[in-house]
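A.B. asks: Predicted model follows, preceded by the sequence.
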Amino acid sequence: MGFENKMIASDDPDEEETPEEEEEEEEEDLVDPLDTLREKCERTDHCVHYKERLETCEARVGSRSNTTEECTEELYAWWPGEAI
């Protein structure tokens, strides 16, 4: 009774998918839930306001060569997961 004698076959011919099943899998488009939240958020006044603040902060920080400022507060205020 050795461990070497036990093997699991992953390509079992009895479990092959039919071409129809393979085609259905290819047709399914996965949607990122975060993208859905962002799109939903962009349609609300709350998110639009905070996104503008984030973009203003990013422009300000990006225009400076030596700054310790980060836009963390603005990012979390806008972040769709927190805003909705």
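C.D. replies: Alright, I've got the coordinates.

A.B. asks: shaky segments in this structure?
C.D. replies: 1-27, 80-84 (pLDDT under 70).

A.B. asks: now residue 45: how far from residue 51?
C.D. replies: With distances defined as C-beta to C-beta, to the nearest Å, the gap from residue 45 to residue 51 amounts to 11 Å. For every residue, glycine as well, the C-beta is placed using N, CA and C.

A.B. asks: Have a look at those two and say which one is more surrounded.
C.D. replies: Between residue 45 and residue 51, counted using other C-beta atoms under 10 Å, the more crowded position is residue 51 (18 against 7).

A.B. asks: Now do the buried residues in the helix or strand harbouring that one.
C.D. replies: Taking DSSP states H and E as the definition, residue 51 sits inside helix 45-63. For helix 45-63, the buried set under the neighbour-count rule, 16 or more other C-beta atoms under 10 Å, comprises 47, 50-51, 53-54, 57.

A.B. asks: So which elements touch it?
C.D. replies: Packing partners of helix 45-63 (3 or more C-beta pairs under 8 Å, 6 or more residues apart in numbering; DSSP states H and E): helix 72-78, helix 80-83.

A.B. asks: measure residue 39 to residue 67 for me?
C.D. replies: Distance from residue 39 to residue 67, counting by C-beta to C-beta: 32 Å.

A.B. asks: next one: residue 73
C.D. replies: From residue 73 to residue 67 the distance is 15 Å (C-beta to C-beta).

A.B. asks: And residue 74, by the same measure?
C.D. replies: In terms of C-beta to C-beta, residue 74 sits 14 Å off from residue 67.
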